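Visitor: return atomic coordinates for the entry below.
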Amino acid sequence: MKIYFKNLSYCAVILMFTLQGLGQKKSISNADKNFADYSYVDAIATYERVADKGYKDEKMFQKLGDAYYFIANLEKAEKWYTELFNMNANQPAEYCYRYSQTLKAVKNYAKADKILEQFIAKSADDQRAILFANQRDYLQDIKANSGRFEIADAGVNSEYSDYGSALYDNKLIFASARDTGGVSKKVFRWNNEYFTNLYLSESNADGSMTKPKSFSKAVNSKFHESTPVFTKDLKTMYFTRNNYLDGKKQKDSKRVTLLKLYKANLEDGKWVNVQELPFNSNEYSVAHPALSVDEKTLYFASDMPGTKGLSDLFSATINTDGTYGTPENLGFPINTASRETFPFISNDNKLYFASDGHPGLGGLDIFVSDVTAINNYKEIQNVGAPVNSSKDDFGFLVDSNKNLGFFTSNREGGKGLDDIYKFVQTAKPICQQVLKGIVTDLETGLILTNTKLSLFDDQFNLIKEINSTNDGKYKLEVVCGKIYYLRAEKVEYETKESKVIIATTSGETIRPIELDKRKKVIDVGSDLAKSLDIPILYFDLDKSFIRKDAAFELEKVLAVMQQYPNMKIDIRSHTDSRQTNVYNEKLSSRRAKSTRAWLIAKGIEATRLTAKGYGETQLVNKCADGVECTEQEHQANRRSEFVIISIK
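Guide: Numbering: from 1, shown residues only. Below you'll find the model as predicted:
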């Protein structure tokens, strides 16, 4: 009997665990469905209930961390990502990145950087990995840029989410999820918060804000409205709304209501003619509009086709007839594989945006770049603390003339999930530098107008292009302590380049430019490499790709071919004598073709270019097979020639 009861008890225990296991699997299945439907709060409740009973599952920890990550509760996300990495440290690259972001949220920067190193090792080509690899001292850079703002509660916040503000005359317009008391108030299933409407608050003489009130019944609907922007005449507004127009709600193929951009006009004191913009879609979101200083370009965030990350920044031309150009992705390094969102253009032509793909303090940080320099990551700066924190910081706007502005954050100490803060900018960036000068004729001293000036970074990446003014002057904003290359080009003059080292203290770097009239004859049979004083070394040993410094020099050939649209050239590539004749012939052929392809990619017609490799058959010195030579002597034979075969 003892054996019988012992077996019976054992069977009962097995049955109990089996039933528990089945119950857990059913609960997880329900949570997975909520997760897939973006009902993250509901998914979290189920996942945590199962996890609290001791159940551990790698996929469950991934989704539990993700659910908190997607609703911006990075501290809770860190807890479950830690459980995930404790269970299995060998996670996909994206989880390394997300985990590092949540570690920053709890201010564990040392461990965050270690996890980021794992991310780089797993995904070295990812734009975020490239940015981090090039800015490993990012915390010091942020520290140096901090302390320039005094911040305070904006005076309009509630216990709900308040965010996405805009200035409208002497008023602050913002989105809020505050409950107006209606029994039919809608709830957003993503985070179980009320949907947001636009509210208005005026500034009193003492700087305080009046009690917020609904902005416009014509604009506010029963779903989300947020992030407005107004034209300078205050008669046109662009804003974000759920996919809802004329009382009808639209959904994508997964039955999710996304975000769209809308436009409204002010007539007789009322907002009318609400219409959606033509590049909206039921299959992706378009949100958070911003206007350029001249109001001819609309910036916004979207996950439309062509997006590289979770959301990217785009721009679209606003045509004079009221139509819009095709949206263009701002590209890397502004956009990364993470989130770039909430753009804003200040009246001094700075692009501010929020990102969790650039090196920052945690969550979304606010970054700034000159609009004309958005293609160079070194020109993108973290605005620093106290505006940025270890949590989500976004929705930055500033009146550059008054140095006053607002931003949104979910940092500790606020009243609701998101709160709006006001700030005063007490100081400009610690170091500001301008590169300037005047362009003149070397022989006569006369000023040269409309000279093309190109600024490159120390890796020969183009940063800006401008023309000298009517008085021959030029002016370029640069970063303190950086190395640049400056090129000046003008028809009938020799192209001139120079290396410029910018001081580490604020001020001006003066670099006058004197151009010499082209005296060298360019005719059939001329070698442009010699005529333009292009260095003969273009390729590394045994390599056939164009180096960045070589591309910098090849721009001279490109400029001449653009100046003479009927010119045809023969590209002749040569090697040194090392390796066999057959190998060198093939290598030189690849080099010639690589050079030709580079010029074609830059817009030169293929019919104007021929290319041939000569291997080691035309050495310029004694360094033939078996002759002992220095590396410098061998380099002299590794060259490209650009011989003019036709010019009309």
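Visitor: the domain parsing of the protein - what is it?
Guide: Split into domains by automatic domain parsing, the chain comes to 31-124, 149-425, 433-515, 528-646.
Visitor: okay, residue 346: pLDDT?
Guide: pLDDT recorded at residue 346 is 92.
Visitor: residues contacting it?
Guide: 352, 397, 398, 399, 400 (CB atoms under 8 Å, 6 or more residues apart in numbering). Backbone N, C-alpha and C define where each C-beta goes, glycine included.
Visitor: just the buried residues of these.
Guide: With neighbours counted by 16 or more other CB atoms under 10 Å, the contacts of residue 346 contain buried members at 352, 397, 398.
Visitor: sketch out the low-pLDDT regions of this protein for me.
Guide: Scanning the chain for pLDDT under 70 picks out 1-26, 179-194, 243-257, 372-378, 428-430, 519-521, 535-545, 547, 549.
Visitor: what are the ranges of the strands in the stretch 1-150 of the chain?
Guide: 149-153 (DSSP state E, counting those that start in this stretch).
Visitor: for the buried ones among the contacts of residue 346, which one is nearest residue 327?
Guide: Checking these against residue 327 with CB to CB, the nearest one is residue 352 at 19.7 Å.
Visitor: hmm, that closest one is touching residue 365, no?
Guide: No. Using CB atoms under 8 Å, residue 352 is not in contact with residue 365; the gap is 11.0 Å.
Visitor: what is in contact with the two at once?
Guide: In contact with both residue 352 and residue 365: residue 383, using CB under 8 Å, 6+ apart.
Visitor: before we move on, back to that, mind listing which of the contacts of residue 346 are in helices?
Guide: Of the contacts of residue 346, none are assigned to helices by DSSP state H.
Visitor: strands along the stretch 401-550 of the chain, start to end?
Guide: Using DSSP E, counting those that start in this stretch, strands in the stretch 401-550 of the chain cover 404-409, 419-425, 433-441, 452-456, 462-467, 473-478, 483-489, 496-501, 507-510, 513-515.
Visitor: relative orientation of the fourth one and strand 462-467 in degrees?
Guide: Right, strand 452-456. For strand 452-456 against strand 462-467, the angle by axes from the mean of the first three to the mean of the last three CA atoms, to 10 degrees is 160 degrees.
Visitor: and the buried ones among the contacts of residue 346 as TSV, adding distance to residue 405?
Guide: Shown next, in TSV, are these (distance: CB to CB, whole Å):
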residue	distance to residue 405
352	9
397	5
398	3
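Visitor: which one of those residues is nearest to residue 383?
Guide: residue 352 (7.6 Å).
Visitor: residues near the closest residue to residue 494 other than its chain neighbours, how many?
Guide: Once flanking residues are discounted, residue 494 sits nearest to residue 516: 4.9 Å by CB to CB, 6 or more residues apart in numbering. The number of residues packed near residue 516 is 11, by other CB atoms under 10 Å.
Visitor: and residue 516, backbone torsions?
Guide: Backbone torsions for residue 516, taken as degrees, to the nearest 10, come to phi -100, psi 130.
Visitor: wait, it touches residue 442, no?
Guide: Yes. Assessed by CB under 8 Å, residue 516 is found in contact with residue 442 at 4.5 Å.
Visitor: count the neighbours of residue 152 for me.
Guide: The number of residues packed around residue 152, counting by other CB under 10 Å, is 10.
Visitor: now it. Nearest residue, chain neighbours left out?
Guide: residue 422 (5.7 Å).
Visitor: ok, that neighbour - contacts?
Guide: With contacts defined as CB under 8 Å, 6+ apart, the neighbours of residue 422 are 151, 152, 153, 154, 155, 404, 405, 406.
Visitor: surely residue 623 forms part of a strand?
Guide: No. Counting by DSSP: H, G, I helix; E, B strand; the rest coil, residue 623 falls outside a strand, being coil.
Visitor: relative to residue 578, how far out is the closest residue to it other than its chain neighbours?
Guide: Excluding the flanking residues, the one nearest residue 623 by CB to CB, 6+ apart is residue 629, at 3.9 Å. Note on residue 629: its distance to residue 578, by CB to CB, to the nearest Å, is 9 Å.
Visitor: what of residue 284?
Guide: In terms of CB to CB, residue 284 sits 55 Å off from residue 578.
Visitor: if I pick the residue nearest the centre of the chain, what's in contact with it?
Guide: With distances taken as CA atoms, centre = their mean, residue 334 lies nearest the centre of the chain, 1.7 Å away. Counting by CB under 8 Å, 6+ apart, residue 334 makes contact with 313, 340, 351, 353, 369, 374, 380.
Visitor: for the residue nearest to the last one when sequence neighbours are not counted, what are its contacts?
Guide: Among residues not flanking residue 380 along the chain, residue 369 sits closest, at 4.5 Å (CB to CB, 6+ apart). With contact set as CB under 8 Å, 6+ apart, residue 369 has these partners: 334, 350, 351, 379, 380, 381.
Visitor: what residues are bridge-paired with the second one?
Guide: Spelled out, that is residue 350. residue 370 (DSSP bridges).
Visitor: report the buried residues of stretch 215-222.
Guide: 215, 216, 219, 220, 221.
Visitor: actually stretch 622-637, not the one I typed
Guide: Buried positions in stretch 622-637, judged by neighbour count with 16+ other CB under 10 Å: 623, 629, 633, 634, 635, 636, 637.
Visitor: where do the helices sit along the stretch 51-200 of the chain?
Guide: 58-70, 74-87, 93-105, 109-122, 127-134, 138-144 (DSSP state H, counting those that start in this stretch).
Visitor: now these in a markdown table, with mean neighbour count and distance to residue 242?
Guide: Putting the helices of the stretch 51-200 of the chain into a markdown table (neighbours: other CB atoms under 10 Å; distance: least, CB to CB, whole Å) gives the following:
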| stretch | mean neighbour count | distance to residue 242 |
| --- | --- | --- |
| helix 58-70 | 21 | 18 |
| helix 74-87 | 20 | 25 |
| helix 93-105 | 24 | 27 |
| helix 109-122 | 17 | 34 |
| helix 127-134 | 19 | 30 |
| helix 138-144 | 15 | 35 |
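Visitor: same list (these) but as JSON lines, adding distance to residue 358.
Guide: What follows is the helices of the stretch 51-200 of the chain, written out as JSON lines (distance: least, CB to CB, whole Å):
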{"stretch": "helix 58-70", "distance to residue 358": "17"}
{"stretch": "helix 74-87", "distance to residue 358": "16"}
{"stretch": "helix 93-105", "distance to residue 358": "11"}
{"stretch": "helix 109-122", "distance to residue 358": "12"}
{"stretch": "helix 127-134", "distance to residue 358": "6"}
{"stretch": "helix 138-144", "distance to residue 358": "9"}
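Visitor: so which of those helices is nearest residue 455?
Guide: It is, among those and with distance given as CB to CB, helix 127-134, at 18.5 Å.
Visitor: what's the angle from the closest one to helix 109-122?
Guide: Using the same axes, to 10 degrees: helix 127-134 against helix 109-122 is 120 degrees.
Visitor: what's the angle from helix 127-134 to helix 93-105?
Guide: Using the same axes, to 10 degrees, helix 127-134 lies at 60 degrees relative to helix 93-105.
Visitor: what does helix 127-134 contact?
Guide: Outside helix 127-134, the residues within contact range by CB under 8 Å, 6+ apart are 97, 116, 119-120, 123-124, 138, 308, 332-333, 335-338, 357-359, 377.
Visitor: now these: which count as buried?
Guide: Buried, going by 16+ other CB under 10 Å: 97, 116, 119-120, 123, 138, 308, 332-333, 335-338, 357-359, 377, out of the contacts of helix 127-134.
Visitor: give me the neighbour count for residue 52.
Guide: 8.
Visitor: check contacts around it.
Guide: No contacts exist for residue 52 under CB under 8 Å, 6+ apart.
Visitor: got it, and residue 51?
Guide: So residue 51 contacts 60, 61, 64, 80, 83 (CB under 8 Å, 6+ apart).
Visitor: which residues touch the second one?
Guide: For residue 61, the contacting residues are 51, 80, 81, 83, 84, 87, taking CB under 8 Å, 6+ apart as the criterion.
Visitor: span of stretch 132-152 from start to end?
Guide: Using CA to CA, to the nearest Å, the end-to-end distance of stretch 132-152 comes to 31 Å.
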